[in-house]
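Undergrad: 3D, please:
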Amino acid sequence: MALQQAAKAPEHPSRLWIWDKVTFMDEQRRTWLPIILQFCGTEDILLEKVPNQE
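TA: Residues are numbered from 1 along each chain as shown. Okay, here's the model as predicted:
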C-alpha cells in the first residue's frame, strides 16, 4: 500500500505550510527544511525533504 501511495505522490510539493519555526509540511504530510544560501549579496532558498522514518 505504501508503495502505491509513493508512486502517486508528486516529487515536488505544490504548496507548503509552516509547521514549526524552520520546518514546512506539504500536502502529502512530508516535512521540508529550508536551506538559505548567500552569494554575492543574493539570497537563494532551497528546500530539502526530511527522510521518512517509517
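
Undergrad: what residues are up against Glu43?
TA: Ile36, Leu37 (Cβ atoms under 8 Å, 6 or more residues apart in numbering). To be clear about C-beta, it is placed using only N, CA and C from the backbone, and glycine gets the same treatment.

Undergrad: Report the beta-bridge partners for it.
TA: Gln38 (DSSP bridges).

Undergrad: Tell me where the protein is predicted with low confidence.
TA: Residue ranges of the chain with pLDDT under 70: 1-10, 53-54.

Undergrad: Okay, helices next: where are they in it?
TA: 2-8 (DSSP state H).

Undergrad: middle-most residue in it, spatially?
TA: Centroid-nearest residue in the chain, with Cα atoms, centre = their mean: Trp32, separated by 2.9 Å.

Undergrad: So it versus Gly41, what's the distance?
TA: Distance of Trp32 to Gly41, given as Cβ to Cβ, to the nearest Å: 26 Å.

Undergrad: I'd say the residue nearest to the centre of the chain and Val50 touch.
TA: Yes: using Cβ atoms under 8 Å, Trp32 is in contact with Val50, at 6.7 Å.
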